[in-house]
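Enquirer: give me a model of this one.
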Amino acid sequence: MLLGILIVLASCVGVISLTSSVDRTTPMYSAKSDISLGEEISADKLNVVNVKLDILEEGYVPADPGLLDGTRANSLIRAGQLLPRSALGLVDGTNRRPVSIELPDALPAAISSGSHVDVWVSLKDRNANAYAPPSLLLPSAEVTARSERATGFGGTAGTLVEVLVVDTALADLLEAMANDARITVVFNPAASAS
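Expert: Take a look at the predicted model:
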């Protein structure tokens, strides 16, 4: 009888140790709400969740406040998304800057934070009092924010959209904005889906 009790106890210990080794989770960070590019990442903007990632664990940030010191988001991080290591700092080698563009018209609902757009510019010809044919200035620019501009009467007077602009195109966009060029933003479904 004593031998039977020992066998039952040994099997219980074996099952418990096997279950705990198979069901090993790691505390990781996830975003409480959307974190936009360039925004400082701190522990108060994050949740701690226990997840089982196995070999994928190296690609995400574990729940350690020391890893967040002085870091900023390198891309848009959606609410509920695990915090990828690649999102800390400007590790992708690009110098994208957020620029706000005021548009006189409403934009399609598909254009929101995280989507991609093509930005077309028609320069103003002051001599002819007309606009030049449009040219593609920013292909597949990432949108970081969008808001409707309100009028004083409860209506809307256009849209303010914030896009990420690479350094090489920044001067051309700012020049177009300063010289009253006509700027058109077109949803890019192929880039937004990737």
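Enquirer: check the secondary structure at V143 for me.
Expert: strand (DSSP: H, G, I helix; E, B strand; the rest coil).
Enquirer: any idea of the pLDDT on it?
Expert: V143 is assigned a predicted lDDT (pLDDT) of 87.
Enquirer: contact partners for the spatially closest residue to it that is not a sequence neighbour?
Expert: Spatially, and ignoring its direct neighbours in sequence, V143 is nearest to S115 (5.2 Å; CB to CB, 6 or more residues apart in numbering). Any C-beta I mention is one placed from the backbone N, CA and C, and that applies to glycine too. If a contact means CB atoms under 8 Å, 6 or more residues apart in numbering, then S115 has 142-143, 187-188, 192 as its contacts.
Enquirer: the same query, at a cut-off of 7 Å, please.
Expert: Counting by CB atoms under 7 Å, 6 or more residues apart in numbering, S115 makes contact with 143, 187, 192.
Enquirer: hey, what's the first one bridged with?
Expert: V143 forms beta bridges with V163, as assigned by DSSP bridges.
Enquirer: got a list of what S100 touches?
Expert: S100 touches 160, 162, counting by CB under 7 Å, 6+ apart.
Enquirer: renumber starting at 842 from here on
Expert: Will do, 842 is the new start, and the previous item becomes S941.
Enquirer: may I have the helix or strand hosting it exported as CSV, CA atoms only?
Expert: For S941, the element it lies in under DSSP states H and E is strand 937-944. Output of strand 937-944 as CSV, limited to C-alpha atoms (Å, rounded to 0.1, in the frame of the first residue of the first chain):
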residue,chain,number,x,y,z
ARG,A,937,11.1,60.1,-41.0
ARG,A,938,9.5,63.2,-39.5
PRO,A,939,5.8,63.9,-38.8
VAL,A,940,4.4,66.8,-40.9
SER,A,941,0.9,68.1,-40.7
ILE,A,942,-0.9,68.9,-44.0
GLU,A,943,-4.1,70.9,-44.0
LEU,A,944,-6.5,69.7,-46.7
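Enquirer: measure the residue nearest to V984 to A1031 for me?
Expert: Remark: distance between S956 and A1031 (CB to CB, to the nearest Å) = 11 Å.
Enquirer: do K873 as well
Expert: Counting by CB to CB, the gap from K873 to A1031 is 31 Å.
Enquirer: same thing with L929?
Expert: 28 Å.
Enquirer: more crowded one of these two?
Expert: Taking neighbours as other CB atoms under 10 Å, L929 and A1031 compare with L929 leading, 17 against 8.
Enquirer: can you check which helix is longest in the protein?
Expert: Ranked by residue count and defined by DSSP state H, the top helix of the chain is helix 843-863.
Enquirer: and the next helix or strand past that one?
Expert: Next in sequence after helix 843-863, counting helices and strands by DSSP H and E, comes strand 867-872.
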